[in-house]
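Colleague: Sequence unavailable; structure follows:
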């Protein structure tokens, strides 16, 4: 073997990555020392030494490894001297490439500290060793994922803790949590405070931290120990981890951290506005009172809404603004309504519309009282009408019975019988319909009138104080198909509000002229409500 090896030229390859796969592997210097001794013992000719700090779990990730194989293919060397097969490959693509070069005789030897692989060897052994290296990566990947998922569920961010925090190292691997860096935590909090005032730019804060406070970045094995960089401070100010949340994974899933938060979510949002950045948006659900209830007067599309935030420098706070606008989603129809309508302007127009129908609470109480006092008379009238209709029903049924008897006695033929029968049945059907209307018309009229009065008395207050759903319902009650044209709200009032618009102003003026002593007089109340009551009774046939 030594006689053959002496005639071959070798490249030494040593590799170690910072990832979990190589945590137990000797350092590159240790590998080189051992490989040089091995080369000396075997009398190998070494053409070049390659060292690389790259992971081998993915192909096309190691430029020096690819260069070494290319030079072997160009016959600049014949073999590779390495610590172990897993230093050359931990993925099936690179392993297959090495195996093929070995079988073709392009690569005449792979020498490790334990054994040598030659072109004439059984390929099974090489494939087993390279397969074990690849399987190790697969198993390690599963183990790391399980550990990562476990930490995420518990609320601990995997990986190195951001500036101002420390990774605990007192627990088992994968179980360590995140602690506060007592030295840097309060200083970074002061940086946030300066930013949130809106009076300091990021470079100014960086200068204060480094030159006035003497801030030093946390020292690690490979870096740190110096002043805070411009990039680092921007990473701090845009990292939601300081607000108690963090994102993880390719899909940027949001997690609520278990670590001690440095700022509130509201402060974080303010900071992003000051920086002029959107940052990483957290899921938000907006609810608007009038979306789906207003159409565009020009194209007929619905109006929707959007909420925007603006940092107010004078107050140091973020203020929310809501705007309504036409969706313009109807194909083939051009809409010129491009202006947005501020929520406050729209609400003012709705309040002005409600004002048209607003009545005094005293008027409501009087109206309900008179409606109830007049209910007995209405019931009497209803009974009289009902009795008349019942007599007509009885008479029609008697006519039908007599007609049937005449047919039995053969006094009329089939054609005459069927024609007369159809006419009588139509009359009976009409009488039944009127009976049903008589039963419900008065109650519907009373219900509609009372509901309209109550709406007119209390809608304005409810619109100003109640929630979104009730505000939407009030808008729909005002009229049919509210539309917007040129930022102006247009509502066609429902028919039952028309009497209030036409009659109530004069009634209210009369009421306000009354002396306090007369306000309790029932006669005056009846006279005041007489006109609107008459107006209402004349519209009984309206469909509520």
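Modeller: Structure's in. What do you need? This structure is a prediction, so every number in the text was calculated from the model and none was measured. Residues are numbered from 1 along each chain as shown.

Colleague: Show me what counts as buried in stretch 63-76.
Modeller: By 16 or more other Cβ atoms under 10 Å, the buried positions in stretch 63-76 come out as 65, 68, 69, 72. Quick note: C-beta positions are derived from backbone N, CA and C, even for glycine.

Colleague: Stretch 323-336 now?
Modeller: 323, 324, 325, 326, 335.

Colleague: Could you export the residues you listed as a markdown table, including secondary structure, distance to residue 352 and pLDDT?
Modeller: Output for the buried residues of stretch 323-336, formatted as a markdown table (DSSP: H, G, I helix; E, B strand; the rest coil; distance: Cβ to Cβ, whole Å; pLDDT from 0 to 100):
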| residue | secondary structure | distance to residue 352 | pLDDT |
| --- | --- | --- | --- |
| 323 | strand | 20 | 92 |
| 324 | strand | 16 | 92 |
| 325 | strand | 21 | 92 |
| 326 | strand | 21 | 90 |
| 335 | coil | 25 | 88 |
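
Colleague: and of those residues, the nearest to residue 361?
Modeller: Among the buried residues of stretch 323-336, residue 324 lies closest to residue 361 (Cβ to Cβ), at 31.9 Å.

Colleague: Pretty sure that closest one sits against residue 307.
Modeller: No - judged on Cβ atoms under 8 Å, residue 324 makes no contact with residue 307 at a distance of 10.9 Å.

Colleague: what's the neighbour count on the closest residue to residue 58 other than its chain neighbours?
Modeller: Setting aside the residues directly before and after it, residue 58 is nearest to residue 91 in space (Cβ to Cβ, 6 or more residues apart in numbering), at 6.1 Å. Using other Cβ atoms under 10 Å, residue 91 has 19 neighbouring residues.

Colleague: Next, find the distance separating residue 91 from residue 145.
Modeller: From residue 91 across to residue 145, the span is 17 Å (Cβ to Cβ, to the nearest Å).

Colleague: likewise residue 182?
Modeller: 33 Å.

Colleague: quick one: low-confidence ranges for the stretch 401-544 of the chain?
Modeller: 434-453, 496, 510-544 (pLDDT under 70).

Colleague: What ranges does the stretch 351-500 of the chain have for its helices?
Modeller: Remark: helices assigned in the stretch 351-500 of the chain by DSSP state H, counting those that start in this stretch are 361-373, 375-408, 414-465, 468-478, 498-513.

Colleague: hang on, I meant the stretch 101-250 of the chain
Modeller: For the stretch 101-250 of the chain, applying DSSP H, counting those that start in this stretch gives helices covering 123-154, 185-196, 202-207, 230-237.

Colleague: quick check: angle from the second one to helix 230-237?
Modeller: Same thing as helix 185-196. 90 degrees (axes from the mean of the first three to the mean of the last three Cα atoms, to 10 degrees).

Colleague: Show me what helix 185-196 is packed up against.
Modeller: The contact analysis (3 or more Cβ pairs under 8 Å, 6 or more residues apart in numbering; DSSP states H and E) places helix 185-196 against helix 202-207, helix 230-237, helix 265-275.

Colleague: Point out the most buried one among these.
Modeller: helix 265-275 (a mean of 18; mean count of other Cβ atoms under 10 Å).

Colleague: how near is the closest residue to residue 108 other than its chain neighbours to residue 71?
Modeller: Leaving out its chain neighbours, the residue that sits closest to residue 108 by Cβ to Cβ, 6+ apart is residue 78, at 4.4 Å. With the distance defined as Cβ to Cβ, residue 78 ends up 11 Å from residue 71.

Colleague: got it, and residue 464?
Modeller: 82 Å.

Colleague: again, but for residue 208
Modeller: Distance from residue 208 to residue 71, by Cβ to Cβ: 54 Å.

Colleague: Following element in sequence after the helix or strand of the chain with the lowest mean pLDDT, please.
Modeller: Every helix and strand of the chain was ranked by mean pLDDT, DSSP states H and E. The lowest is helix 2-6, at a mean of 47. Scanning forward in sequence from helix 2-6 by DSSP states H and E, the next helix or strand is strand 9-15.

Colleague: List the buried residues of the very next helix or strand once past that next one.
Modeller: Using DSSP H and E, the helix or strand that follows strand 9-15 in sequence is helix 28-42. By 16+ other Cβ under 10 Å, the buried positions in helix 28-42 come out as 28, 31, 32, 35, 38, 39.

Colleague: Give the next helix or strand downstream of helix 28-42.
Modeller: Using DSSP H and E, the first helix or strand after helix 28-42 is strand 45-52.

Colleague: Could you please name the strands that next one pairs with and the direction of each pair?
Modeller: With DSSP bridges as the test, strand 45-52 is paired with strand 9-15 (parallel).

Colleague: Turn the helices and strands packed on helix 185-196 into JSON lines, columns for mean pLDDT.
Modeller: JSON lines is the format used below for those (pLDDT from 0 to 100):
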{"stretch": "helix 202-207", "mean pLDDT": "92"}
{"stretch": "helix 230-237", "mean pLDDT": "92"}
{"stretch": "helix 265-275", "mean pLDDT": "84"}
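
Colleague: Tell me which of the ones you listed approaches residue 98 most closely.
Modeller: helix 230-237 (39.7 Å).

Colleague: same for the closest one, what does it pack against?
Modeller: Partner elements for helix 230-237 (3+ Cβ pairs under 8 Å, 6+ apart): helix 185-196, helix 202-207.

Colleague: can you state the direction angle for the first one and helix 265-275?
Modeller: Just to be clear, that refers to helix 185-196. Using the same axes, to 10 degrees: helix 185-196 against helix 265-275 is 60 degrees.

Colleague: Go through helix 185-196 and flag the buried ones.
Modeller: Buried, per 16+ other Cβ under 10 Å, within helix 185-196: 185, 187, 188, 191, 192, 194, 195, 196.

Colleague: OK, contacts around the last one?
Modeller: Residue 196 makes contact with 267, 270, 271, 274, 316 under the criterion Cβ atoms under 8 Å, 6 or more residues apart in numbering.

Colleague: Tell me the one of the residues you listed nearest residue 119?
Modeller: Looking across those and measuring by Cβ to Cβ, the closest to residue 119 is residue 271, at 63.6 Å.
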